[in-house]
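1. sharing a model prediction with you, sequence too.
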Amino acid sequence: MTPSPIAALYGLGFPHERLVALAAKSGLPLWGETGSQDGNSSHTHARVVVLLGTSWEDRISTCRANPFTAWIEVGVLSDQSLLDLIRCATQTSLYFSLTTATANRLNLSNEVLQALAHHRPLNDTARDNIEVALHEALSNALIHGNLQLDSLAALTIEALEAFSSTLMRRITDPNYANRRVDVACAFEDGAMVIDVVDQGSGFIYKPRSESAVCGRGIEFIKSSCQSYVLLDSGRRLKMRFLA
Amino acid sequence: MEYNYEVKDQDAHIKMNGRLTFNDHAKLRAMIKEMLQSSSKRQILDMTNLEFVDSAGIGMLLIAREELNNVDKQFVLRNATGQVKRVLTVAQLGKLITIED
């Protein structure tokens, strides 16, 4: 299904002047700030891209349902990078681009799942499958991709402690925490395609032994979706679900 | 994830609720230490109210099993339902940890 072409920009905790400038450069109109347009039938098919600036987390609930179809956390991105992401967002059904720190704090898989359920009714089985696969894909993207944490070295509490302390250190280090994770969802003929993209150093799938410490995530993904493929040296995971 | 630890009829019962994911590493460490300090031979994890577990959660349960084995204690998973039960099956955890209904 081709996404509706009527797109608009909206800012949450984002400077108005910069928003106006980005709207002009992207060729997109600004979405009404009062919210009064929500009930206007002429905007039923609008697709609003939300730019998340500062202090937006307690107000994000107002941007969870239609017509909001994309969240882009601004972070330290330049206008040009934002314009690239805005273009990606308008070319797919649902789009999320957040920093690692924010994606980790928000429970992003649940946010994506809520947005999907809002666009397509999901039965319990489909919902469970998407939740498992999406959660694993995002954990891999954040932990092993952007935070570049190795799998646990051994099945010991000491190995878990070492993993925890490295995780806590990196999630507060801007060099890791500002890396992006992007989720793009598209509805195709009878299927839902979800891409999860990170900015790590890539990933090569190796089968594991039964009692191995890690490596189950990709197996959970395999058992939960119709098909999947790793692209861009493992930085992009494309999953397909029947829906 | 939250857990509650109590000893009843010589067995230790840990009731876990919510979602067990990679973000619970600190709580899992605390839980494993509590299990290791307990004098009970059988440490039973009641999953009745656990809604979701991910692959990292499974990995941490295997750490608990390994650490308990090392001090001659038994780790038992009980009452998994829904997504948790399906994931335990996919991971074939029954081959490594005692699972009771």
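-> That came through fine. Numbers count the residues shown, from 1 in each chain, chains lettered A, B, ... in the order given.

2. any figure for the gap between the residue nearest to residue A:101 when sequence neighbours are not counted and chain B?
-> Excluding its sequence neighbours, the residue lying closest to residue A:101 (C-beta to C-beta, 6 or more residues apart in numbering or on different chains) is residue A:177, at 4.0 Å. Yep, even glycine has a C-beta here, placed from its N, CA and C like the rest. From residue A:177 across to chain B, the span is 15 Å (C-beta to the nearest C-beta, to the nearest Å).

3. so what's residue A:129 up against?
-> A:224-225, A:241 (C-beta atoms under 8 Å, 6 or more residues apart in numbering or on different chains).

4. still on that earlier bit, contacts only, for the residue nearest to residue A:101.
-> Residue A:177 neighbours (C-beta under 8 Å, 6+ apart): A:99-101, A:170-171.

5. one more: residue A:167?
-> Residue A:167 neighbours (C-beta under 8 Å, 6+ apart): A:143, A:147, A:149, B:25.

6. so of the contacts of residue A:177, which ones are in helices?
-> Members of the contacts of residue A:177 lying in helices (criterion: DSSP state H): A:100-101, A:170-171.

7. of those, which is the most crowded?
-> residue A:100 (24 neighbours; other C-beta atoms under 10 Å in any protein chain shown).

8. doesn't residue A:172 make contact with that one?
-> No. Residue A:100 lies out of contact with residue A:172 (C-beta atoms under 8 Å); the separation is 10.7 Å.

9. neighbouring strands - and their directions - for the strand ranked longest in chain A?
-> The residue-count maximum for a strand in chain A (DSSP state E) belongs to strand A:180-188. Counting by DSSP bridges, the strands paired with strand A:180-188 are strand A:94-99 (antiparallel), strand A:191-197 (antiparallel).

10. quick check: which of those strands is buried the most?
-> strand A:94-99 (a mean of 24; mean count of other C-beta atoms under 10 Å in any protein chain shown).

11. mind listing what's buried along the longest strand of chain A?
-> A:180-187 (16 or more other C-beta atoms under 10 Å in any protein chain shown).

12. dump that strand to PDB, restricted to CA.
-> The C-alpha coordinates for strand A:180-188 follow below in PDB (Å, rounded to 0.1, in the frame of the first residue of the first chain):
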ATOM      1  CA  ARG A 180      20.700   6.200  16.500                       C
ATOM      2  CA  VAL A 181      18.300   3.300  16.200                       C
ATOM      3  CA  ASP A 182      15.700   3.500  13.500                       C
ATOM      4  CA  VAL A 183      12.500   1.400  13.100                       C
ATOM      5  CA  ALA A 184      10.500   1.600   9.800                       C
ATOM      6  CA  CYS A 185       7.300  -0.300   9.400                       C
ATOM      7  CA  ALA A 186       5.600  -0.800   6.000                       C
ATOM      8  CA  PHE A 187       2.300  -2.500   5.200                       C
ATOM      9  CA  GLU A 188       2.500  -4.500   2.000                       C
END
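
13. from residue B:70, how far off is residue A:22?
-> Using C-beta to C-beta, to the nearest Å, residue A:22 is found at 58 Å from residue B:70.

14. one step back: farthest-apart pair in the contacts of residue A:177, please.
-> A:99 and A:170 (12.7 Å; C-beta to C-beta).
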